[in-house]
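Fold the stuff below for me.
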Amino acid sequence: MERIAHYEVTGRIGEGAMGEVYRARDTKLNREVAIKVPPESFAGRKESLARFERAAQLLAALNHPHIASIFGIEEIEDTKAIPLELVEDETLQERLKRGPLSLPEALPVFRQVASALEAEIGRASCRERGWSSVVA
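Residues are numbered from 1 along each chain as shown. Model prediction:
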């Protein structure tokens, strides 16, 4: 079993442009998490790792039920890892492999995305106006 810091990797979830995501067990807090690591091509590349870290910081600033929570950033040798909330459900990408969404299936997805965007845009607007006490 592979380890990333104090996380025991138990399986692979998927991958994207900014890295691979694994299922892992947080051995300190005794919970299941997802952990994202940048692609191998980022190893030792300061600007790529900085972009990876900035993306984590941006996501960590969000607080919404339809956005996975970021638990921190781990530094491992010449790379980084982002432990985050494990959401156990079919991804939209997996669902779309079975065919297009019907309107009754699509509406809840669109509502969730719109709700998350609305919440973040509202927080960003408050920050821009200096209303930081209003921002949760």
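
Identify the residues contacting the closest residue to Ser48 other than its chain neighbours.
Leaving aside its chain neighbours, Ser48 sits nearest to Phe42 (4.1 Å; criterion: Cβ to Cβ, 6 or more residues apart in numbering). Where you see a C-beta, it was placed from the backbone N, CA and C, and this is true even at glycine. The contact partners of Phe42, by Cβ atoms under 8 Å, 6 or more residues apart in numbering, come to 19, 48-49, 52, 79.

tell me the phi and psi of Phe42?
Backbone torsions of Phe42, given as degrees, to the nearest 10, read phi -80, psi -20.

And the contacts of Phe42, which is closest to Lys36?
Closest approach to Lys36 among the contacts of Phe42 (Cβ to Cβ): Gly19, at 5.2 Å.

Can you pull out the low-pLDDT segments for the protein?
Filtered on pLDDT under 70, the chain yields the residue ranges 1, 120, 122-136.

And the strands in it?
3-4, 7-16, 19-26, 31-37, 74-76, 79-85 (DSSP state E).

what's the domain layout of this protein?
Split into domains by automatic domain parsing, the chain comes to 1-88, 90-136.

related to what we said a few turns ago, just tell me which of the strands of the chain ends up closest to Gly99.
So among those, strand 7-16 is nearest, using Cβ to Cβ, at 19.7 Å.

follow-up on the earlier one: what separation is there between the residue nearest to Ser48 and Ile13?
From Phe42 across to Ile13, the span is 18 Å (Cβ to Cβ, to the nearest Å).

Ok, Glu90 next?
Glu90 is 12 Å from Ile13, by Cβ to Cβ.

which of those two has more neighbours?
Using other Cβ atoms under 10 Å as the criterion, Glu90 and Ile13 rank with Ile13 on top: 16 against 9.

My guess is the more buried one contacts Ile35. True?
No. The criterion here is Cβ atoms under 8 Å, and Ile13 misses it with Ile35 at 9.2 Å.

ok, back up a step: for the strands of the chain, give me JSON lines that also has distance to Leu58.
Compiled in JSON lines, these are given as follows (distance: least, Cβ to Cβ, whole Å):
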{"stretch": "strand 3-4", "distance to Leu58": "22"}
{"stretch": "strand 7-16", "distance to Leu58": "15"}
{"stretch": "strand 19-26", "distance to Leu58": "15"}
{"stretch": "strand 31-37", "distance to Leu58": "14"}
{"stretch": "strand 74-76", "distance to Leu58": "18"}
{"stretch": "strand 79-85", "distance to Leu58": "11"}
